[in-house]
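Visitor: need a structure here:
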Amino acid sequence: MKSLAINILYNRQAIARMLNVAVSQVKIFQVWWRVCLVSIKGQRATFISKLSFKKHFVDFRKNVNRFDFTMIRSDRFSKYSKRVDIWNGCVVNEITSSRNYVELNQNIKVAKCSCDDFKAQSILLGKGCCKHMYLVLSSLGFDSLHNYMSTTNE
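Guide: Prediction:
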């Protein structure tokens, strides 16, 4: 189970996105204690911190979220639509193109989504925040789940 959690954060696809190269150009990729050893074809091997991977993990989902949000805001409601309901401190977002359902509740500190990415993060990491959650959070004016949960309802 631990190796799966490592693979969701530290992988060749992530380093290829971070360095803007094709995945096939990544010749060496090894996960070490606090760093990953990476070698790109034609370049010297280098170390990349695990913190950089974690930041990329979040930023990548936020950027995918911006794409989805752009599609929703561009009046293509035949394919994408968004509904945000606030009921009793609970924010629910439904993206009908993929039928993913997000629930955020500050009162009881609940955050969940029906998508596979969130389920995998929850199983492997014990918690998660997918692109659908970032979509809801950004529409509410928050940049992270932590900031949303730490804000008190008034």
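Visitor: doesn't Q43 fall inside a strand?
Guide: No. Read with DSSP: H, G, I helix; E, B strand; the rest coil, Q43 is coil and lies in no strand.
Visitor: what count of nearby residues applies to it?
Guide: Per other Cβ atoms under 10 Å, the neighbour tally for Q43 reads 12. Quick note: C-beta positions are derived from backbone N, CA and C, even for glycine.
Visitor: pull the contacting residues for it.
Guide: For Q43, the contact set (Cβ atoms under 8 Å, 6 or more residues apart in numbering) is empty.
Visitor: how about the helices in the chain?
Guide: With helices called from DSSP state H, the chain shows them at 2-9, 12-19, 50-73, 116-125, 131-139, 145-150.
Visitor: how much space separates the nearest residue to K62 once chain neighbours are set aside from K55?
Guide: Of all residues beyond its chain neighbours, the one nearest K62 is Y134 (5.0 Å), with distances taken as Cβ to Cβ, 6 or more residues apart in numbering. Distance of Y134 to K55, given as Cβ to Cβ, to the nearest Å: 14 Å.
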